[in-house]
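*Asks:* Show me how the following folds:
(chains A, B and C)
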Amino acid sequence: MTTSMTEWSGPAIGLLDLDAFFASVEQLDHPQWRGKPVIVGGSPERRGVVSTASYEARRFGVHSAMPSYQAKRLCPDAIWTQGHFDRYRQMSARVMQTILDETPLVEQVSIDEAFFDVTPGRFSRESPIAICRRIQGRVAELGVTCSIGLGTSKTVAKIASERQKPRGMTVVLPGTEAAFLAPLPVSAMSGVGKATEARLRQMGVATLGQLARQDPERMRRALGVAGPSLVTRAAGREVSRVRERAKPEAAKSVSNERTFAHDLTTREDVAAAVRMVSQMVGTRLRSKGLRGHQVTLKLKFSYDKTRTAQRQLDAPTDDEHVFGAQALRLLDDVWHEGTPVRLVGVGVSGFGPEAPRQRQLELFSPEAGENDEATAPGRHRDLRALSVAADEVRSRFGKGSLSLGSELRLRESASDTAPMNKEAD
DNA sequence: TCTGGGGTCCTAGGACCC
DNA sequence: TCTGGGGTCCTAGGACCC
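*Replies:* Residues are numbered from 1 along each chain as shown, chains lettered A, B, ... in the order given. Below is the predicted model:
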C-alpha cells in the first residue's frame, strides 16, 4: 500500500503497541528462552495471574489476566518469571525516544503504548505511512517488535493496532473509518468493558455500526456522560488530540495492595497487613515528594466482594505512622474479626495544594485520644524521622531487611511484587 | 488451593451551607 | 405545618484501563 501526502487528508494519528512486551524483553535478555513459551506473572501457588505470555505460550491458550494456576495447567513447561520492571521501563524509554526522533508530538499511554501525531504538513511533509514503517523498523533494531495502527483519530488508531499482531501495521485511510469500525463488536473500543457491553446488548446494540446509529441522548441516559462520546467514536467521527504525557508528579493517588496466599482472619494479622502495606505506600510517597490528606483502606473478602473506607486527615502527610493509624481505625468500619480477608490495600490521595476543610468536630472527638499510635505533634516528628531512616536502610540493604516482627509471617505469604497486566484482557 | 496490582474517572446519596 | 434549591464536600462503590 502506498499513499502520498496528497492522499491523506486530515489528522494522522498512530498508536504503537509493543508485542508481548514483558515476555519479549525477557527473551531478548535470555537468548536461551527465545522460541519457547515464557510467562511473566505471579506464581500459581500464590493466587497470581499472568501479566504477559510470549506468543509461544499463547499457542497453548495462555493469555493476560488468566489465573496462573490455569496457565500452568495449559502450559506446564512454560518458563516463568516474576518480571524485571526497571528493565522494562528502561526499554520502554528507548522506544519512546525512538518515536520522538520521528515526530515531536508523542503521548505515552502506558509502559508499552503511545499515540503519536504524524499529520502531513504539521511537522513534516512525509507520508504518515512511511514514517510509521520507519518507526517500526527502528524499534525492531532495539530488540523488541511492535504493531502500529494508523488512522484519523485515536479510537481508530488503537483498534487498528490490534488487527494484525505481532509486527503488524494496519492503516485506515481517511474516509474509510465508518466502514472499518462498523462490523466490529462494541467491546473492541476502549471504554467499553464487560458492564457496558452487557448494557448495550440489552439495548440490542452489538456492533460499533449499530452503536454509531444510536441517539446520543438515549446513550447518555443509559450510560452516563460517556454515552454520547461512545456514539461519536463508534462512527469514526471523533476529533482527538495527541497530548504530551502528563508529568508523573501529577499523580492523584498512591496506593499499594497485597493479596495473601492464605486468607487472614485474626485482627492481629489483618492489622499487621495494614501496617505493612502502609509502610510501602509511605516509602513511595516520600520518594515522590507527595503528601496527601485522604487515606483509603481496601479489603477484599472474596473475588467479588470488596469494601473500602476512607477518611480525611487533619493535614497532608507522607508518614505511615499517621495515615496508617487512621487506616487501622477504618478497619472496624468494614470488617469484624473472623471474616476471611484475602487482600489488604491502603491508598493516600488528595495531594492538592489547599488544606482540607477544617472540621472543628475532630479536635474534640474521642478518636483523637491518647491511646493513638501517633497523635502528639512531637511524636509525629520522631516517627517520621524513623520512617525516613527506614527508607534509607531498605534502599541500601533490600526491601526485606527491615520489618516489624508481626510482618514477617505476612511477608512470607504475600505474593511477591506481581507485575502489572500490560495487555488488555 | 480458580481470578493481581496500580491507577483514573464517574455516580449517587447524605451532610452542610447560604 | 406539607419543608426550596443550588453548590460543594465527603464517602462508598463500581467501571475501566494496561
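*Asks:* which secondary structure element contains A:R384?
*Replies:* helix A:377-397 (DSSP states H and E).
*Asks:* Check A:R342 too.
*Replies:* When secondary structure is defined by DSSP H and E, A:R342 falls within strand A:341-349.
*Asks:* which strands and helices sit next to the helix holding A:R384?
*Replies:* Using 3 or more CB pairs under 8 Å, 6 or more residues apart in numbering; DSSP states H and E as the contact test, the elements touching helix A:377-397 are helix A:267-288, helix A:320-334. No exception for glycine: its C-beta is placed from N, CA and C like everyone else's.
*Asks:* mind redoing it with 10 Å?
*Replies:* Helix A:377-397 sits against helix A:267-288, strand A:305-317, helix A:320-334, with contacts defined as 3 or more CB pairs under 10 Å, 6 or more residues apart in numbering; DSSP states H and E.
*Asks:* among the ones you listed, which is nearest DNA strand B?
*Replies:* Nearest to DNA strand B among the helices and strands packed on helix A:377-397 is helix A:267-288; the distance by CB to the nearest atom of the strand comes to 6.3 Å.
*Asks:* the inter-axis angle of the closest one versus helix A:320-334?
*Replies:* Using axes from the mean of the first three to the mean of the last three CA atoms, to 10 degrees, the interaxial angle of helix A:267-288 with respect to helix A:320-334 works out to 140 degrees.
*Asks:* can helix A:267-288 be found next to DNA strand C?
*Replies:* No - no part of helix A:267-288 sits near DNA strand C under the criterion CB under 7 Å from any atom of the strand; the closest distance found is 15.0 Å.
*Asks:* Return that helix as CSV; C-alpha atoms alone will do.
*Replies:* Provided in CSV are the C-alpha atoms of helix A:267-288 (Å, rounded to 0.1, in the frame of the first residue of the first chain):
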residue,chain,number,x,y,z
ARG,A,267,-7.2,-8.9,64.0
GLU,A,268,-3.5,-9.2,64.7
ASP,A,269,-2.8,-10.5,61.2
VAL,A,270,-5.0,-8.0,59.4
ALA,A,271,-3.6,-5.1,61.4
ALA,A,272,-0.1,-6.2,60.6
ALA,A,273,-1.0,-6.4,57.0
VAL,A,274,-2.4,-2.8,57.1
ARG,A,275,0.9,-1.6,58.7
MET,A,276,3.0,-3.5,56.1
VAL,A,277,1.1,-2.1,53.2
SER,A,278,1.0,1.4,54.8
GLN,A,279,4.8,1.3,55.0
MET,A,280,5.1,0.5,51.3
VAL,A,281,2.8,3.5,50.5
GLY,A,282,4.8,5.8,52.8
THR,A,283,8.1,4.9,51.2
ARG,A,284,6.7,5.7,47.8
LEU,A,285,5.1,8.9,48.9
ARG,A,286,8.4,10.1,50.3
SER,A,287,10.3,9.1,47.2
LYS,A,288,7.9,11.1,45.1
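*Asks:* Fine by me, thanks again.
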